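**Student:** Output the structure for:
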Amino acid sequence: MAEFEIDVVTPDGKMGSFVAHPDGEGPFPAVILYMDAPGIREELRDFARRIASQGYFCLLPDMYYRNGQLRFDFSMDRDNVFKLVMATMATLNVDRVMRDTKGMLDYLDAHPAVKAPYGCVGYCMSGQYVVAAAGTFPDRIVATASLYGVGIVTDQADSPHLLVPAIKGELYLGFAAHDPWVSDNVIPALTKALEDHGVSYECEIHPDTEHGFCFPQRPAYVKDRAEIAWRKMSEMFDRRLKQ
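**Tutor:** Next comes the predicted model:
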């Protein structure tokens with residue numbers, strides 16, 4: 001397997017990113033792995049490597065690049081670190097992340113080892129951004145996985161669910177059974193929009209889980225449900241990207 005660090009050029013600067021892909025020249029189908037709120041760490045790089053091991057060119061961008069190279073140390077005062085994470089997460093919004101996504105797609109388009117169209121996956125804070133990306137770039141992003149995504153349905157003008165009519169690809173939406181970050185109205189509103197506009201999707205509420213259940217190093221980790229979510233996502237990527 002090949003892996004390396006690169007800079008993706010965006011309208012707001014250079015976004016440091018990690019890449020992993022199978023050995024060889026390709027071209028490989030590509031998946032963008034959008035990070036969760038705690039940011040870049042080895043756990044996410046391992047996810048990228050796992051995606052690459054399944055035959056994909058995986059791009060993992062540091063979405064906090066506007067704030068410098070932030071790395072959070074959760075072994076220190078967790079309350080203060082959590083406040084810092086929340087404050088940093090608040091520096092992102094749909095418009096900024098879509099500008100970044102345009103830069104990522106341009107990078108993938110130009111890379112000789114990559115073939116279009118693309119897939120993406122987002123956890124936690126990025127669940128909203130991958131849904132927005134599917135609607136903003138519907139001809140380039142055709143397979144989208146959102147795991148316990150927050151902010152997908154809001155009362156704001158930039159709510160990602162309002163982009164559902166533009167989506168042409170397929171979505172896998174995996175939610176935790178118990179998640180204070182996802183309001184009760186989110187799943188009904190989102191699935192209604194998807195149904196009304198004929199979007200191909202699966203929405204799954206994973207029993208006996210809490211927010212964060214997909215990450216092995218989180219207290220909420222539930223291995224069997226995390227593996228089911230991974231399998232559903234992988235099957236969708238294979239179906240949509242390996243034809």
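
**Student:** Residue nearest the middle of this protein, spatially speaking?
**Tutor:** Centroid check for the chain by C-alpha atoms, centre = their mean gives Gly122 as the closest residue, at 1.7 Å.

**Student:** tell me the contacts of Ile205?
**Tutor:** 175-177, 187 (C-beta atoms under 8 Å, 6 or more residues apart in numbering). All C-beta atoms are positioned from the backbone trio N, CA, C, and that covers glycine.

**Student:** any chance of those in CSV, with secondary structure and distance to Arg66 too?
**Tutor:** Formatted as CSV, the contacts of Ile205 follow (DSSP: H, G, I helix; E, B strand; the rest coil; distance: C-beta to C-beta, whole Å):
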residue, secondary structure, distance to Arg66
Phe175, strand, 29
Ala176, strand, 29
Ala177, strand, 34
Ile187, helix, 31
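
**Student:** May I see these arranged in JSON lines, with pLDDT and neighbour count as well?
**Tutor:** Formatted as JSON lines, the contacts of Ile205 follow (pLDDT from 0 to 100; neighbours: other C-beta atoms under 10 Å):
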{"residue": "Phe175", "pLDDT": "98", "neighbour count": "24"}
{"residue": "Ala176", "pLDDT": "98", "neighbour count": "23"}
{"residue": "Ala177", "pLDDT": "97", "neighbour count": "13"}
{"residue": "Ile187", "pLDDT": "97", "neighbour count": "16"}
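
**Student:** mean confidence score for the longest helix belonging to the chain?
**Tutor:** Assignment by DSSP state H gives helix 223-241 as the longest helix of the chain. For helix 223-241, the mean per-residue pLDDT is 98.

**Student:** who does that helix touch, helix- and strand-wise?
**Tutor:** Using 3 or more C-beta pairs under 8 Å, 6 or more residues apart in numbering; DSSP states H and E, the elements in contact with helix 223-241 are strand 28-34, strand 114-123, strand 141-147, strand 170-178, strand 200-210.

**Student:** Pipe those into a markdown table and attach distance to Ile6 per row.
**Tutor:** Shown next, in a markdown table, are the helices and strands packed on helix 223-241 (distance: least, C-beta to C-beta, whole Å):
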| stretch | distance to Ile6 |
| --- | --- |
| strand 28-34 | 13 |
| strand 114-123 | 12 |
| strand 141-147 | 20 |
| strand 170-178 | 27 |
| strand 200-210 | 32 |
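
**Student:** For Val130, which of these is the nearest?
**Tutor:** If you check each of the helices and strands packed on helix 223-241 against Val130 by C-beta to C-beta, strand 114-123 wins as the nearest, at 3.7 Å.

**Student:** buried ones in the closest one?
**Tutor:** By neighbour count on 16 or more other C-beta atoms under 10 Å, the buried set for strand 114-123 is 114-115, 117-123.

**Student:** With only the CA atoms kept, save stretch 94-114 in CSV.
**Tutor:** The C-alpha trace of stretch 94-114 is given here as CSV (Å, rounded to 0.1, in the frame of the first residue of the first chain):
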residue,chain,number,x,y,z
VAL,A,94,-21.4,24.3,4.7
ASP,A,95,-20.1,27.0,2.4
ARG,A,96,-16.5,26.7,3.6
VAL,A,97,-16.5,22.9,3.4
MET,A,98,-18.0,22.9,-0.1
ARG,A,99,-15.2,25.3,-1.2
ASP,A,100,-12.8,22.8,0.3
THR,A,101,-14.6,19.9,-1.4
LYS,A,102,-14.2,21.7,-4.8
GLY,A,103,-10.5,21.7,-4.2
MET,A,104,-10.5,18.0,-3.2
LEU,A,105,-12.4,17.0,-6.3
ASP,A,106,-10.1,19.1,-8.5
TYR,A,107,-7.1,17.3,-7.0
LEU,A,108,-8.7,13.9,-7.6
ASP,A,109,-9.7,14.9,-11.2
ALA,A,110,-6.1,15.7,-12.0
HIS,A,111,-4.5,12.7,-10.3
PRO,A,112,-3.4,10.0,-12.8
ALA,A,113,-4.0,7.2,-10.3
VAL,A,114,-7.7,8.2,-9.8
